[in-house]
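> Return atomic coordinates for the entry below.
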Amino acid sequence: MSQLVDSDETAPLLGDDASSDDSQDEDYKSRWRSIRVMYFTMFLSSVGFTIVITSLWPYLQRIDDSANASFLGWVVAAYSLGQMIASPIFGLWSNHRPRREPLVCSILINLSANIYYAYAYLPSTNNKVHMLMSRAFVGFGAGNVAVVRSYVAGATSLKERTSAMANMSACQALGFILGPALQACLSFIGEKGVTIDILDLQLNMYTAPAFLAAAFGIINILLVLLVLREHRVDDRGRLLRAINYTSEDRVDISEETEEAIDQVAVLTSNALFFIVMFIFAVFETIATPLSMDMFAWTRKEAVLYNGIIICGIGFESILVFVIVKVASKRVGDRPVLLAGLAIIFVGFFILLPWGNHYPKIQWADLKNNSLVSHISEATIASNSSLEPTGCPYDQTWCQYTPAIYLAQYISSDFLIGVGYPACNVMSYTLYSKILGPKPQGVYMGWLTASGSGARTLGPVFVSQIYTVLGPRWAFSLICGMVVGAIILLVSLYHRLIAFSVRHGRAAE
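Numbering: from 1, shown residues only. Down below sits the predicted model:
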């Protein structure tokens, strides 16, 4: 294990891994205050995404009858497509200008897009298109994740890096918890909610979370403007003069940045991050439709129960980050990443349908309802008190594919909740170490774009495969992808090392 990575294992989760002498230094204090602003920015970004994720499908069904599960895949993917486009742009911007500029701009876009999402019901036609566009703009604003990651990577030494990245992921997980929790709480407002005529606003369980996310954006902007300062250090923790820093109180140490970065390791890291994010995008997209199909939950039940489940996964993730922080110091980053992939494989394998029990079919509700002889099917479908539940009859696989049991679903959620956060934090921690002291805005932009591309393709992939072929095919293909990722990691294991280790300035 690298000598530079050894540190006090008893440090708190948000500890700064530095001596008491360093902590007295004002520049050190300013650096960590700024890093904590980045933690909070990641937290709010996570809240802004997850606060609506469990209600997307029922909201889409409510505002546009023509929307189906396949279109849901495009709505979820729109967020990631916007983020994929924006990430390299914001990353390049942050390499040459103060990071406040791309951060404030991106948060303003995100804030405005959440308000647009809340009003997606208002147009008389094409409501589903308006929802798709609003999610694309929310994702475009979320492209600032590249700026956040590059800032934290550039403002920490190699010794501090894993801890700082774990801290940032823990804050992301806190947002992952709080978002669905807030959505679950706001679900008690109900589908009708309150109408504010002067604003043409329906404040209900679907629109209230978006307005709350916009309010969080205002808080984020104030923190960026009032607290954030530019800082950059090399792998040893020596202060560097950042390209986008205006003070003269920095020493320019440029010789390390001229040495070559291992591009094979960079491409491999991007590929692994793509697979990890693709897999989780599939999981978060399919959770609500899968639970409604398999367990005959109503729209409101699906939002509430999946919100609770995702909250549980978020709490679990925080524990995983604590364990990862210690485990990476003992065995290294790469073994933790490998173990995470293996756990994800088991999680999706468990989710495969088995047995002879089949899901409830929606048409059974209509067939057994005495009103069918007097009321048309269309009238029944439009009556909220007779909301059909179960697997839709037009998904032919429902009639021959065994049902997934609730115990399978919960067990899979638990395992994926262990494997995904471990893979996520190790992927971009390794990546930042591979890049070394070079300004990482553009590289982090490409990593974020890689993840966003995965989150664009994942929902489209799973919505199409799941709708046409069912969960057995969808989850079998995911298991195959995880095996491919494990083979790739093992094959190029020796290349995924820190920049300073590769160039002989630190021992592995």
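
> Scan the helices and strands of the chain for the one with the lowest mean pLDDT.
helix 377-382 (a mean of 42; mean pLDDT, DSSP states H and E).

> Going by neighbour count, which residues in the very next helix or strand once past that one are buried?
Per DSSP states H and E, the first helix or strand lying C-terminal to helix 377-382 is helix 406-435. For helix 406-435, a neighbour-count test (16 or more other Cβ atoms under 10 Å) marks 408-409, 412-435 as buried. C-beta here means a position set from N, CA and C on the backbone, and glycine is covered the same way.

> C-terminal to helix 406-435, what's the next element?
Using DSSP H and E, the helix or strand that directly follows helix 406-435 along the chain is helix 441-469.

> Mind giving me the packing neighbours of that following helix?
If contacts are counted by 3 or more Cβ pairs under 8 Å, 6 or more residues apart in numbering; DSSP states H and E, helix 441-469 sits against helix 69-96, helix 145-154, helix 263-295, helix 406-435, helix 471-491.

> for these, which one ends up most surrounded?
Mean neighbour count (mean count of other Cβ atoms under 10 Å) peaks for helix 145-154 among the helices and strands packed on helix 441-469, with a mean of 27.

> can you give me the angle the very next helix or strand once past it makes with helix 406-435?
Counting by DSSP H and E, the next helix or strand C-terminal to helix 145-154 is helix 158-186. Taking axes from the mean of the first three to the mean of the last three Cα atoms, to 10 degrees, one finds helix 158-186 and helix 406-435 inclined to each other by 150 degrees.

> Report the angle between helix 158-186 and helix 145-154.
Counting by the same axes, to 10 degrees, helix 158-186 lies at 150 degrees to helix 145-154.

> pLDDT of helix 158-186, averaged?
Mean pLDDT, helix 158-186: 79.

> Pull out the buried residues from it.
158-184, 186.

> Could you do stretch 123-134 as well?
127, 128, 129, 130, 131, 132, 133, 134.

> How about the contacts made by residue 271?
450, 485, 488 (Cβ atoms under 8 Å, 6 or more residues apart in numbering).

> Go again with 7 Å.
Residue 271 makes contact with residue 488, according to Cβ atoms under 7 Å, 6 or more residues apart in numbering.

> Over to residue 443?
Applying Cβ under 7 Å, 6+ apart to residue 443 gives the contacts residue 435.

> Give me the pLDDT for it.
In this prediction, residue 443 carries a pLDDT score of 79.

> Residue 495 versus that one, what's the distance?
As judged by Cβ to Cβ, to the nearest Å, residue 443 and residue 495 stand 16 Å apart.

> do residue 407 as well
41 Å.

> again, but for residue 189
According to Cβ to Cβ, residue 189 stands 52 Å off from residue 495.

> next one: residue 357
Separation of residue 357 from residue 495 (Cβ to Cβ): 47 Å.

> Of the two, which one has the most company?
Taking neighbours as other Cβ atoms under 10 Å, residue 357 and residue 495 compare with residue 495 leading, 16 against 10.

> average pLDDT for stretch 142-153?
Per-residue scores along stretch 142-153 average to 85.

> Now do residue 324: how many residues are near it, please.
28.

> what about it, helix or strand, and which?
Taking DSSP H and E as the criterion, residue 324 maps to helix 299-331.

> for that helix, which positions count as buried?
By neighbour count on 16+ other Cβ under 10 Å, the buried set for helix 299-331 is 299-307, 309-314, 316-318, 320-321, 324-325, 327-329.

> Could I get the average pLDDT for that helix?
83.

> for it, packing partners?
When contacts are defined as 3 or more Cβ pairs under 7 Å, 6 or more residues apart in numbering; DSSP states H and E, helix 299-331 packs onto helix 56-63, helix 158-186, helix 263-295, helix 333-350, helix 406-435.

> quick one: that helix to helix 263-295, angle?
150 degrees.

> Give me the contact list for stretch 37-47.
Against stretch 37-47 from outside (Cβ under 7 Å, 6+ apart): 103, 142, 145, 148, 151-152, 167-168, 171-172, 174-176, 178-179, 213, 216, 220, 223-224, 227-228.

> What's the mean pLDDT across that stretch?
87.

> got the buried residues for it?
37, 38, 39, 40, 41, 42, 43, 44, 45, 46, 47.

> from these, which ones fall inside helices?
Among the buried residues of stretch 37-47, DSSP state H puts 37, 38, 39, 40, 41, 42, 43, 44, 45, 46, 47 in helices.

> would you turn these into JSON lines with distance to residue 352?
Converted to JSON lines, these look like this (distance: Cβ to Cβ, whole Å):
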{"residue": "37", "distance to residue 352": "43"}
{"residue": "38", "distance to residue 352": "39"}
{"residue": "39", "distance to residue 352": "37"}
{"residue": "40", "distance to residue 352": "39"}
{"residue": "41", "distance to residue 352": "38"}
{"residue": "42", "distance to residue 352": "34"}
{"residue": "43", "distance to residue 352": "34"}
{"residue": "44", "distance to residue 352": "36"}
{"residue": "45", "distance to residue 352": "33"}
{"residue": "46", "distance to residue 352": "29"}
{"residue": "47", "distance to residue 352": "33"}
